Each structure stands twice: as C-alpha cells, then as structure tokens.
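Peer 1: Let's see this in three dimensions:
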Amino acid sequence: MVQNATHDVATFQLDPGDKLVVCSDGFTDNAHSSGLFDGLGMLTASGAHRVLLRRLNDGEPDDDVTLLVLEYLPDPVRGTN
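Peer 2: Here you go, the predicted model:
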C-alpha cells in the first residue's frame, strides 16, 4: 500500500449485457498482452474470463495475475432497474 495515495473516482451506468473487467497489472504489463482484450464484447462474463486466461497462458506470465469479470444482467422480475 502507498501511504497518502490519491485515487480518482468515476461513476457510470451499465446497460444490460455490459461487462466490467477488473484486472491486476499482471495482465496489462505482461509481455503477451498485445490484443489481450480484443473481441470480448460479445462473450458472456464466464466466456470472457476463460478467453483472457487462455490468451495469457499462451506465454508464461511475467507477474501474478488477478481477474474479475462482471456482467450486468437485467432483473427478470423488475426489468432492467
């Protein structure tokens, strides 16, 4: 942890089917990261997770990797709210 670190905060609205991908710098700093996130928009969250790990594992990671993929799905009872 970095003492006295400052961070920006952003708020945004997800639409049904949108995915939020959160990953550690082990993904983005990896020597094999070129094109890593291309073409993930049409996949489910679990599909995106599998593709990212498979792409990264094509080469030996240079750092530890952490990945979280969330997909916003509408509530079938209340609609999209």
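Peer 1: Backbone torsions only: list them for the nearest residue to T44 once chain neighbours are set aside.
Peer 2: Nearest residue to T44, sequence neighbours excluded (CB to CB, 6 or more residues apart in numbering): E71, at 6.3 Å. Any C-beta I mention is one placed from the backbone N, CA and C, and that applies to glycine too. Backbone geometry at E71, expressed as degrees, to the nearest 10, gives phi -120, psi 130.
Peer 1: which ones are touching E71?
Peer 2: G17, D18, K19, L20, T44, A45 (CB atoms under 8 Å, 6 or more residues apart in numbering).
Peer 1: and the closest residue to V65 other than its chain neighbours, how many residues sit next to it?
Peer 2: Residue nearest to V65 in three dimensions, not counting chain neighbours: G26, with 3.7 Å by CB to CB, 6+ apart. Using other CB atoms under 10 Å, G26 has 16 neighbouring residues.
Peer 1: Could you double-check that G26 sits in contact with L53?
Peer 2: No - if you go by CB atoms under 8 Å, G26 and L53 don't touch, sitting 11.6 Å apart.
Peer 1: This protein: helices as residue ranges?
Peer 2: Secondary structure of the chain, counting by DSSP state H: helices at 25-28, 45-56.
Peer 1: With distance to F12 added, can I get those helices in a markdown table?
Peer 2: Below are the helices of the chain laid out as a markdown table (distance: least, CB to CB, whole Å):
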| stretch | distance to F12 |
| --- | --- |
| helix 25-28 | 20 |
| helix 45-56 | 17 |
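Peer 1: Now distance to P76 and mean pLDDT too, for these, in TSV please.
Peer 2: Shown next, in TSV, are these (distance: least, CB to CB, whole Å; pLDDT from 0 to 100):
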stretch	distance to P76	mean pLDDT
helix 25-28	33	72
helix 45-56	17	75
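Peer 1: Those helices: which one's closest to Q13?
Peer 2: Shortest separation from Q13 across the helices of the chain is recorded for helix 45-56, at 17.9 Å, computed as CB to CB.
Peer 1: Nearest residue to the middle of the chain?
Peer 2: Ranked by distance to the mean C-alpha position of the chain (CA atoms, centre = their mean), the top residue is V21 at 1.7 Å.
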